[in-house]
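Peer 1: Following is a predicted model, sequence given first.
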Amino acid sequence: QIQLVQSGPELKKPGESVKISCKASGYTFTDYAMHWVKQAPGKGLKWMGWINTYTGKPTYADDFKGRFVFSLEASASTANLQISNLKNEDTATYFCARRERDYFDYWGQGVMVTVSS
Amino acid sequence: DVVMTQTPVSLPVSLGGQASISCRSSQSLVHSNGNTYLHWYLQKPGQSPQLLIYRVSNRFSGVPDRFSGSGSGTDFTLKISRVEPEDLGDYYCLQSTHFPPTFGSGTKLEIK
């Protein structure tokens, strides 16, 4: 069955970096784009961008340009999100989601990133 | 960006009753190819969002027929009939007609 399994929760200090992963199984990884969605505590969902899993080309939403990097380990069917120079407002749960045509059909369980001094 | 406005913010319902959630967009969601890319998700407490309805009215695999979607242009509705305990959570609409994709602000379905 199709699964997206994300890495575990992270506790970081402001200014540090974090890398979270999303391992796909049950389908051909390079056939579907991978998207990333942020959910701050108690808030709604915000689309961050996506990565073309065939070419590796990332696309970022305006609010996520600069400190955010999407990458792949295609041989391991894994997509990664790295956030550098962490700020308090980066405290959130980050979801990966597979895109089927025009909608997100399968989601990872989410990774809670807490930024606190 | 397209703004998606969901109402109500909170929706108390009785088990076995019916619920209706509205999602309005700031621009028409009809794509130049004629399709409308409006989708609905349910996020249960502590879980990731799960797809319920795609392209306005198509139920995703395994979604019971108690869930139905309708609408056109800028005005869309999700209806849930015979509400069950597992239906409780936050509902979000998502538009992917225009870049960037944008979510509604959410509707919390709770027990009356």
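Peer 2: Great, that's in hand.
Peer 1: which residues of chain B fall in strands?
Peer 2: Under the criterion DSSP state E, chain B carries strands at the ranges B:4-7, B:10-13, B:19-25, B:38-43, B:50-54, B:58-59, B:67-72, B:75-80, B:89-95, B:102-103, B:107-111.
Peer 1: Those into CSV, with extra columns for mean pLDDT?
Peer 2: Written out in CSV, the entries for the strands of chain B read as follows (pLDDT from 0 to 100):
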stretch, mean pLDDT
strand B:4-7, 98
strand B:10-13, 97
strand B:19-25, 98
strand B:38-43, 98
strand B:50-54, 98
strand B:58-59, 98
strand B:67-72, 98
strand B:75-80, 98
strand B:89-95, 98
strand B:102-103, 98
strand B:107-111, 95
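Peer 1: Make CSV from those and add mean neighbour count and distance to chain A to it.
Peer 2: Every C-beta, even on glycine, is put in place using the N, C-alpha and C of the backbone. Listed next are these as CSV, based on neighbours: other CB atoms under 10 Å in any protein chain shown; distance: least, CB to the nearest CB, whole Å:
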stretch, mean neighbour count, distance to chain A
strand B:4-7, 18, 9
strand B:10-13, 14, 13
strand B:19-25, 20, 13
strand B:38-43, 26, 5
strand B:50-54, 22, 4
strand B:58-59, 14, 9
strand B:67-72, 17, 12
strand B:75-80, 20, 14
strand B:89-95, 24, 6
strand B:102-103, 21, 4
strand B:107-111, 16, 10
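Peer 1: Make CSV out of these and add distance to residue A:74.
Peer 2: Written out in CSV, the entries for those read as follows (distance: least, CB to CB, whole Å):
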stretch, distance to residue A:74
strand B:4-7, 33
strand B:10-13, 43
strand B:19-25, 35
strand B:38-43, 27
strand B:50-54, 25
strand B:58-59, 31
strand B:67-72, 35
strand B:75-80, 36
strand B:89-95, 27
strand B:102-103, 28
strand B:107-111, 38
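Peer 1: Quick check: which of those strands is nearest to residue A:59?
Peer 2: With CB to CB as the criterion, residue A:59 lies closest to strand B:102-103 of the strands of chain B, at 15.1 Å.
Peer 1: Name the residues that touch stretch B:13-33?
Peer 2: By CB atoms under 8 Å, 6 or more residues apart in numbering or on different chains, the list of residues contacting stretch B:13-33 from outside reads B:2-8, B:11, B:36-38, B:40, B:71-85, B:87, B:91, B:93, B:95, B:97-98, B:104, B:107, B:109-112.
Peer 1: how long is it end to end?
Peer 2: 38 Å (CA to CA, to the nearest Å).
Peer 1: from the chain's centre, how far out does that stretch sit?
Peer 2: The chain centroid and the centroid of stretch B:13-33 are separated by 5 Å, computed with CA atoms, centre = their mean, to the nearest Å.
Peer 1: surely residue B:40 meets residue B:93?
Peer 2: Yes - under the criterion of CB atoms under 8 Å, residue B:40 lies in contact with residue B:93, with a separation of 5.6 Å.
Peer 1: Spit out the residues that contact those two alike.
Peer 2: B:23, B:78.
Peer 1: Geometric centre of chain B: which residue is closest?
Peer 2: With the centre of chain B defined as its mean C-alpha position, the nearest residue by CA atoms, centre = their mean is residue B:40, 3.4 Å away.
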